[in-house]
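Colleague: predicted model follows, preceded by the sequence.
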Amino acid sequence: MKDQPLVVFNTLTRRKEDFRPLHPPFTGMYVCGPTVYGDAHLGHARPAVSFDLIFRYLKHIGYKVRYVRNITDVGHLENDADDGEDKIAKKARLEQLEPMEVVQYFTDRYHRNMDQLNVLRPSIEPRASGHIIEQIEMIRRILNAGYAYVVNGSVYFDVEKYAQKYHYGKLSGRVVDELLVNTRTLEKQEEKHNSFDFALWKKASGEHIMRWPSPWGEGFPGWHMECSAMGTKYLGDTFDIHGGGMDLLFPHHEAEIAQSTAALGHESVRYWLHNNMITINGQKMGKSLNNFITLNEFFQGAHPLLEKAYSPMAIRFFILQAHYRSTLDFSNEALQAAEKGLKRLMTAYVTLQRLTPGTVSHSDVPALRQACYDAMNDDFNSPVVIASLFEGARIINSVNDGHESINKADLALLHTIFNDFVFGILGLTGEELNQKQLVDGLVETIISLRRQVREAKDFKTSDLIRDELRRLGILLKDSREGTTWELE
RNA sequence: GGUCUCGUGGCCGAGGGGCUAGGCAGAGGUCUGCAAAACCUCGUACAGCGGUUCGAAUCCGCUCGAGACCUCCA
């Protein structure tokens, strides 16, 4: 079952293809990571969880995966691709911090959020600012190949020239002639030959603080350069998978293809995988619409649109219940449904631990396992995996209730299925109860029961309760106002 | 305006020419001191209109509606 071909939907061909890595058992995957100028929101969780699922599954079926996910800390501009302020630099100016302080702060917070979601760390997490040399080198190669031009200390990609030999727009379906008509003409773009040309290197103006020396003067790299440079640096000139959000298809990924092809003479990426968006009230949740809810807000319930707090695992499960290429609509109702479904699955797992085998099985457990692999092999169809796992939960509960039985081999298989898929591949974890809340609640409950006993003048029982708690290190103190407690 | 998606029962979501997922919510039942959990049963959904076909939610066309990208966004 693991030997069945894995089929993935390649955005480049718009169809499902057999996944055949270049150098099995090794495979490489590059995914566009966050620009660290703010807290991660639910939209950021989608690619993180989706590609975590893919990373986990590839490893599960035996690949040695090198997973590269970058941190964008320079070059990502606001407003338009060539003349906005750098997002990081802007934040630094507003907060009166060094840009790298902003980067460190939000990178740390991003990592914390990803850990909470049980998203595995990538194998390599390169930063754009740490790869200026590689980017300059790649720009030089593009220039040498004749697909870029220098103007006044900046370097631009020559899309028209490139399009004469290669297919610009092959990933996103854009047509160069139409781009000319449809691309907005923006201010201060007179340096470019064509409006659709994009910056590889930008000259730094006087007040620009994030700047590096280059053959073309002091400046900084264009946003698209980092991924081309770092992807090929760590995964080779040709590598298997490149992922990211669908909103990056154009221009970001299209530009990446053009850059790599111009510099190397061939494309770098074999399979392009794109996750869809999370919507809120039918619209994409994103920075620009200012309709996003951060992960921390979800975890704390601290947002007007949230009826309550949602645990990281509820969020993860919510995301996995939809296929990664479908839009997923946020609502409190949907989130609460996910929360309850997750609880049902986890409770079944606990029940599974105390099941004892019988002589016959009434349910087809091997078929269940097969269904899980079939679903994953069909472009990572996690919702179908989850449906099968719920069938597993049904079997567990029925056996537990004595409505059916399961033989020894099938019981062992059920353990394997849950361990492999629930924890290993879907990456779900049991919710940890908040220990402090739990202790507080328990002690308060005991104190209130003891009060009833005391009111009934049953001091023998009330003293017994106090002594037993004291043995655990919990000291009860009775006073006129009532009973308080503390840990000794 | 261009390119491209998508419209599935109260909600979320798979599937994708005949075998009609799953979760949540709801109804009934079993169990039960009560409750919870669990199990069983139930609703018979595919935007509309045509067409192809023995047969369409699934293919084709049109209409309506929603969204994404075309500018930074995961």
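Modeller: Yes, it's here.
Colleague: which residue ranges of the stretch 151-300 of chain A form strands?
Modeller: Assigned strands in the stretch 151-300 of chain A, in chain order: A:154-157, A:199-203, A:219-221, A:239-245, A:269-275, A:278-280, A:283-284 (criterion: DSSP state E, counting those that start in this stretch).
Colleague: which residues of chain A score low on pLDDT?
Modeller: Across chain A, the ranges flagged by pLDDT under 70 are A:1-4, A:78-84, A:181-189, A:431-434.
Colleague: ok, now with 50
Modeller: A:1-2, A:80-82 (pLDDT under 50).
Colleague: the residue of it found nearest RNA strand B bridge partners, please.
Modeller: Minimum separation of chain A from RNA strand B (C-beta to the nearest atom of the strand) falls at A:Gly245, amounting to 1.9 Å. For glycine as for every other residue, the C-beta is placed from the backbone atoms N, C-alpha and C. A:Gly245 forms beta bridges with A:Asn275, as assigned by DSSP bridges.
Colleague: so what's the residue count around it?
Modeller: If you count neighbours by other C-beta atoms under 10 Å, A:Gly245 ends up with 22.
Colleague: wait, isn't it in contact with A:Ser50?
Modeller: No: with contacts counted by C-beta atoms under 8 Å, A:Gly245 stays clear of A:Ser50, the gap being 9.3 Å.
Colleague: any shared contact partners between those two?
Modeller: Listed as contacting both A:Gly245 and A:Ser50 by C-beta atoms under 8 Å, 6 or more residues apart in numbering are A:Asn275.
Colleague: so which bits of the stretch 101-250 of chain A are right by RNA strand B?
Modeller: Within the stretch 101-250 of chain A, the positions near RNA strand B by C-beta under 7 Å from any atom of the strand are A:172-175, A:178-179, A:182-184, A:195-196, A:223, A:244-250.
Colleague: quick one, which of the residues you listed are buried?
Modeller: A:Ser172, A:Arg174, A:Leu179, A:Ser195, A:Phe196, A:Trp223, A:Gly244, A:Gly245, A:Met246, A:Leu248, A:Leu249 (16 or more other C-beta atoms under 10 Å).
Colleague: please, where are all the strands along the stretch 1-150 of chain A?
Modeller: Under DSSP E, counting those that start in this stretch, the stretch 1-150 of chain A gives strands at A:7-10, A:15-18, A:26-31, A:64-69, A:148-151.
Colleague: partner strands of the last one, with direction?
Modeller: According to DSSP bridges, strand A:148-151 forms sheet pairs with strand A:154-157 (antiparallel).
Colleague: from the chain's centroid, how far away is the strand it pairs with?
Modeller: When C-alpha coordinates are averaged (C-alpha atoms, centre = their mean, to the nearest Å), strand A:154-157 and its chain have centres 32 Å apart.
Colleague: contact partners of it?
Modeller: A:139, A:142-143, A:147-149, A:191-193, A:197-203, A:216, A:219, A:255, A:258-259, A:262.
Colleague: of the residues you listed, just the buried ones, ChimeraX syntax please.
Modeller: Only the buried entries of these go into this ChimeraX selection, using 16+ other C-beta under 10 Å:
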select /A:139,142,143,147,148,149,191,192,197,198,199,200,201,202,203,216,219,255,258,259,262
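Colleague: please look at A:Arg211 and A:Phe220 and confirm they touch.
Modeller: Yes: using C-beta under 8 Å, A:Arg211 is in contact with A:Phe220, at 5.8 Å.
Colleague: need the residues touching each of these two.
Modeller: Going by C-beta under 8 Å, 6+ apart, residues that sit against A:Arg211 and also against A:Phe220 are A:Ala204.
Colleague: so between these two, which is more surrounded?
Modeller: A:Phe220 (26 against 17).
Colleague: ok, the more buried one - contacts?
Modeller: Taking C-beta under 8 Å, 6+ apart as the test, what A:Phe220 contacts is A:Val74, A:Gly75, A:Asp86, A:Trp201, A:Lys202, A:Ala204, A:His208, A:Met210, A:Arg211, A:Trp212.
Colleague: now, among those, which is nearest to A:Leu235?
Modeller: Nearest to A:Leu235 among the contacts of A:Phe220, counting by C-beta to C-beta, is A:Gly75 at 20.1 Å.
Colleague: the closest one: what's it in contact with?
Modeller: By C-beta under 8 Å, 6+ apart, the contact set of A:Gly75 is A:Asp86, A:Ala128, A:Phe220, A:Pro221, A:Gly222, A:Trp223, A:Met225, A:Glu226.
Colleague: same deal with A:Gly146?
Modeller: A:Asp158, A:Lys161.
Colleague: how much space separates it from A:Leu352?
Modeller: Computed as C-beta to C-beta, to the nearest Å, the A:Gly146 to A:Leu352 distance reads 64 Å.
Colleague: next: A:Glu190.
Modeller: Taking C-beta to C-beta, one finds A:Glu190 at 68 Å from A:Leu352.
Colleague: those two: which is more packed in?
Modeller: Ranked by neighbour count (other C-beta under 10 Å), A:Glu190 and A:Leu352 place A:Leu352 first, with 21 against 6.
Colleague: secondary structure element for the more buried one?
Modeller: helix A:332-353 (DSSP states H and E).
Colleague: buried sites along that helix?
Modeller: Here helix A:332-353 shows A:Leu335, A:Ala338, A:Glu339, A:Gly341, A:Leu342, A:Leu345, A:Met346, A:Ala348, A:Tyr349, A:Leu352 as buried, counting by 16+ other C-beta under 10 Å.
Colleague: kindly report the same for stretch A:206-224.
Modeller: Applying a neighbour-count criterion of 16+ other C-beta under 10 Å, one finds A:Met210, A:Arg211, A:Trp212, A:Ser214, A:Trp216, A:Gly219, A:Phe220, A:Pro221, A:Gly222, A:Trp223, A:His224 buried in stretch A:206-224.
Colleague: thinking A:Lys64 is in contact with A:Phe26, fair?
Modeller: Yes: assessed by C-beta under 8 Å, A:Lys64 is found in contact with A:Phe26 at 5.0 Å.
Colleague: what do the two both touch?
Modeller: By C-beta under 8 Å, 6+ apart, no residue touches both A:Lys64 and A:Phe26.
Colleague: so what's the nearest residue to A:Ile124 once chain neighbours are set aside up against?
Modeller: Ranked by C-beta to C-beta, 6 or more residues apart in numbering and with sequence neighbours excluded, the top spatial neighbour of A:Ile124 is A:Val68, at 4.7 Å. A:Val68 makes contacts with A:28-31, A:122-126, A:230-231, A:234-235, as judged by C-beta under 8 Å, 6+ apart.
Colleague: out of those residues, who's nearest A:Glu307?
Modeller: Among these, and counting by C-beta to C-beta, the member closest to A:Glu307 is A:Val31, at 32.0 Å.
Colleague: fine, thanks again, bye for now.
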